[in-house]
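Undergrad: Next comes the sequence, and after it the predicted model I'd like to discuss.
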Amino acid sequence: MTELLWETGVLIDAMQARPMGDLPEGVTGISIDTRTMRQGEAFFAIKGERFDGHDFLSTAQRGGAGIAVVAEQKLPALGRVQIPMLVVDDVLKALSRLAEAARARSKAKIVAVTGSVGKTTTKEALRHGLSAVGSVHASAASFNNHWGVPLSLALLPAETSYAVFEIGMNHPDEIRPLVGLVRPHVAIVTLIAPAHLGHFRDLDEIAEAKAEIFEGVVPGGTAILNGDDEKCGLLANYARKAGVANIMTFGEGAGADFRLIAYEATREGAKVDAEIAGEPLRFSLATPGRHMAQNVLAVLGAAHRIGADVDKVASALAGWRAVKGRGARHQLALSGGSVTLVDDSYNANPASMRAALDVLSRAEPGKGARRIAVLGDMLELGTSSSELHAALKDHVLAAKVDMVFLAGQEMKALDVALANLVDCRWHENNDELLADLEGTMAGGDVVMVKASKSIGFSRLVETLLSRHEDQTEAKAPVAESGSAMAEKTSGETK
């Protein structure tokens, strides 16, 4: 018998709900998408911008839902739906109340992660590393917004040892209520970078919004900051004002608490020498990239602060690989050999573009083969967009890229900047780019794909994978996919 996540009586009390119908003893899980519904779960009928879960109650019942959580004001329109219900004032607010109850009953050590770059990667590395020392619950996919965080928290099993939550934002005052639910023992800020500049005046305002995460840190908790970030001092000030007891840093600087001493890229990934709170540590990573190693320092720092065995966590990370869209590598079979495809298509801003180009610069193409960068628009950069796109020129040249394929109106600025400096091809749309790329790439080439999520480069990668055999020996694990309906309830958060 499947173990219950929540007893029905606890659900009623936690959500201040009114029961209707023949209710089961409890529920095995929570869903907001009928397409991923599992037997015995509670279906929360959340209303998004494009879909209303109340329109899918019959489908939820056929999918095996044991209970539907519905809004009082929607009852008159539900007609003959026979599924047992818990009626609440507002479904999303009820989910948040259940998240509070989950946090209250949990004895897990909790880590929250935010930042302009690297949140999901750091969260997934924490999930993987901590699983070597105990049971771990972590946000699925990029469930980091106003519905994703409460959902992830409400799904927290009572007996979990460790929990990891990603928290994003694209406006001020978005992180504050979410971290108030999570109440982490450790809060990590990966990096402050030009993302969402369309919603903020400058990096200082972005830092201020990210610093809201410190307001939820439990008494005696820890803030872990990127010591190499120029906004580290500003973030530390915000952490002190929020009353965070311990402020620690990761990075390459001599004063970092969790310090990168040496980094060596290898065919298998990387070898890293580090110091974790003064103790030397050598470990291997299957995922290359200096920025990946830096994020892992934050992971090991968090493990240290919550009392986990750092050596075991580091050893486990030797088998961790970047997930889909965030640096996952594939070997595509071509008639003349294989092409290394680096899938970094999930999102992009200037900082993550630079990191991806650095990874490409360290890749070793086959004899006579090329490094190829496939780049799409970076979005939400406001009035600085053209300037920031053009500024990628220096990083493209420093990476010794042989060819550049571009798509998107904003990337025209980079196309102009690279004129006569490198073989650069701008395309009107993704289909034209794909046709040109497929007609050009050859065995031994290394191809890196990166753009903001809504540019659609993930479909470009999927097409390449569907047309060419993937010969990768150990394919990168894919993060648990989010519900398509839920993903349409809000814009991207970072």
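TA: Here it is on my side, so go on.

Undergrad: Quick one: residues contacting the nearest residue to Val87 once chain neighbours are set aside.
TA: In space, Val87 comes closest to Arg18 once its chain neighbours are excluded; the distance is 4.3 Å by C-beta to C-beta, 6 or more residues apart in numbering. C-beta: built from backbone N, CA, C; applies to glycine. In this structure, Arg18 makes contact with 72, 86-88, judged by C-beta atoms under 8 Å, 6 or more residues apart in numbering.

Undergrad: how far is stretch 41-51 from where the chain is centred?
TA: The offset between the C-alpha centroid of stretch 41-51 and the centroid of the whole chain comes to 22 Å, using C-alpha atoms, centre = their mean, to the nearest Å.

Undergrad: Flag every buried residue along it.
TA: Neighbour-count burial for stretch 41-51, with 16 or more other C-beta atoms under 10 Å as criterion, is recorded at 41-48, 51.

Undergrad: Just put the residues you listed in a markdown table and tack on pLDDT, secondary structure and distance to Phe214.
TA: A markdown table is the format used below for these (pLDDT from 0 to 100; DSSP: H, G, I helix; E, B strand; the rest coil; distance: C-beta to C-beta, whole Å):
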| residue | pLDDT | secondary structure | distance to Phe214 |
| --- | --- | --- | --- |
| Glu41 | 97 | coil | 34 |
| Ala42 | 97 | strand | 33 |
| Phe43 | 97 | strand | 35 |
| Phe44 | 97 | strand | 29 |
| Ala45 | 96 | coil | 34 |
| Ile46 | 95 | coil | 29 |
| Lys47 | 90 | strand | 32 |
| Gly48 | 83 | coil | 30 |
| Phe51 | 88 | coil | 34 |
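
Undergrad: For the residue of the chain positioned farthest from its centre, identify the helix or strand it belongs to.
TA: In the chain, Arg80 marks the outermost C-alpha relative to the chain mean, sitting 40.0 Å out by C-alpha atoms, centre = their mean. Under DSSP states H and E, no helix or strand contains Arg80.

Undergrad: Tell me how far it lies from Ala141.
TA: 35 Å (C-beta to C-beta, to the nearest Å).

Undergrad: Could you do Ala435 as well?
TA: Between Ala435 and Ala141 the distance is 30 Å, computed by C-beta to C-beta.

Undergrad: Also Thr383?
TA: From Thr383 to Ala141 the distance is 31 Å (C-beta to C-beta).

Undergrad: Looking only at neighbour counts, state which of those two leads.
TA: Ala141 (23 against 8; other C-beta atoms under 10 Å).

Undergrad: helix, strand or coil for the more buried one?
TA: coil (DSSP: H, G, I helix; E, B strand; the rest coil).

Undergrad: Look at it and report its pLDDT.
TA: The predicted local confidence for Ala141 comes out at a pLDDT of 74.

Undergrad: for Pro76, same thing?
TA: Confidence for Pro76, expressed as pLDDT, is 86.

Undergrad: what secondary structure does it sit in?
TA: For Pro76, the reduced secondary structure class is helix; criterion used: three-state DSSP.

Undergrad: any idea how far Gly216 is from it?
TA: The spacing between Pro76 and Gly216, counted by C-beta to C-beta, is 38 Å.

Undergrad: ok, now Phe43?
TA: Counting by C-beta to C-beta, the gap from Phe43 to Gly216 is 28 Å.

Undergrad: repeat for Asp229
TA: Here the distance between Asp229 and Gly216 works out to 21 Å (C-beta to C-beta).

Undergrad: burial count for Thr2?
TA: Thr2 - counted by other C-beta under 10 Å - has 11 other residues nearby.

Undergrad: ok so it is a strand residue?
TA: No - according to three-state DSSP, the state of Thr2 is coil, so it is not within a strand.

Undergrad: State the distance from the closest residue to it other than its chain neighbours to Val149.
TA: For Thr2, the nearest residue in space outside its immediate sequence neighbours is Thr28; the separation is 4.7 Å by C-beta to C-beta, 6+ apart. As for Thr28, its distance to Val149 is 21 Å (criterion: C-beta to C-beta).

Undergrad: can you map out the strands along the stretch 201-350 of the chain?
TA: Chain-ordered strands for the stretch 201-350 of the chain, with DSSP state E, counting those that start in this stretch as the definition, fall at 222-226, 246-251, 258-266, 269-276, 279-285, 328-334, 337-344.

Undergrad: for this structure, which spans come out with low pLDDT?
TA: Counting by pLDDT under 70, the chain shows low-confidence ranges at 1, 195-198, 473-494.

Undergrad: tell me the domain ranges of it?
TA: Segmentation of the chain into domains, based on automatic domain parsing, reads 6-91, 106-319, 328-476.

Undergrad: Identify, out of those domains, the most deeply packed stretch.
TA: By mean neighbour count, with neighbours taken as mean count of other C-beta atoms under 10 Å, domain 106-319 ranks first of these at a mean of 21.

Undergrad: pretty sure the residue nearest to Thr2 is touching Gly40, no?
TA: Yes - between Thr28 and Gly40 there is a contact under C-beta atoms under 8 Å: 4.0 Å.

Undergrad: pull the CA atoms of stretch 140-152 into PDB?
TA: What follows is stretch 140-152 as a C-alpha-only set of coordinates in PDB (Å, rounded to 0.1, in the frame of the first residue of the first chain):
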ATOM      1  CA  ALA A 140      11.000  19.600  -9.100                       C
ATOM      2  CA  ALA A 141      12.300  21.200 -12.300                       C
ATOM      3  CA  SER A 142      12.300  25.000 -11.700                       C
ATOM      4  CA  PHE A 143       9.400  25.100  -9.300                       C
ATOM      5  CA  ASN A 144      10.600  28.400  -7.800                       C
ATOM      6  CA  ASN A 145       7.700  30.900  -8.000                       C
ATOM      7  CA  HIS A 146       4.500  31.700  -6.200                       C
ATOM      8  CA  TRP A 147       2.900  28.300  -6.800                       C
ATOM      9  CA  GLY A 148       6.000  26.200  -7.300                       C
ATOM     10  CA  VAL A 149       7.500  26.900  -3.800                       C
ATOM     11  CA  PRO A 150       4.300  26.200  -1.900                       C
ATOM     12  CA  LEU A 151       3.700  23.100  -4.000                       C
ATOM     13  CA  SER A 152       7.200  21.800  -3.400                       C
END
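
Undergrad: show me where the stretch 251-400 of the chain has helices.
TA: Using DSSP state H, counting those that start in this stretch, the helices of the stretch 251-400 of the chain run over 290-305, 310-316, 350-362, 385-390, 392-398.

Undergrad: ugh, typo on my part, it should be the stretch 101-250 of the chain
TA: 119-130, 148-154, 175-182, 203-210, 232-241.

Undergrad: Nearest to Leu297, out of those helices?
TA: Taking C-beta to C-beta as the criterion, helix 119-130 is the member of those that comes nearest to Leu297, at 10.0 Å.

Undergrad: other SSEs contacting the closest one?
TA: Contacting helix 119-130 under the criterion 3 or more C-beta pairs under 8 Å, 6 or more residues apart in numbering; DSSP states H and E are the following elements: strand 109-114, strand 136-138, strand 162-166, helix 290-305, helix 310-316.

Undergrad: For beta bridges, what are the partners of Asn226?
TA: Phe250 (DSSP bridges).

Undergrad: what's the spacing between Gly48 and Trp147?
TA: In this structure, Gly48 and Trp147 are separated by 8 Å, where distance is defined by C-beta to C-beta.

Undergrad: List the residues that contact Ala303.
TA: Ala303 sits next to 126, 129-130, 133, 309-310, 313 when contact means C-beta under 8 Å, 6+ apart.
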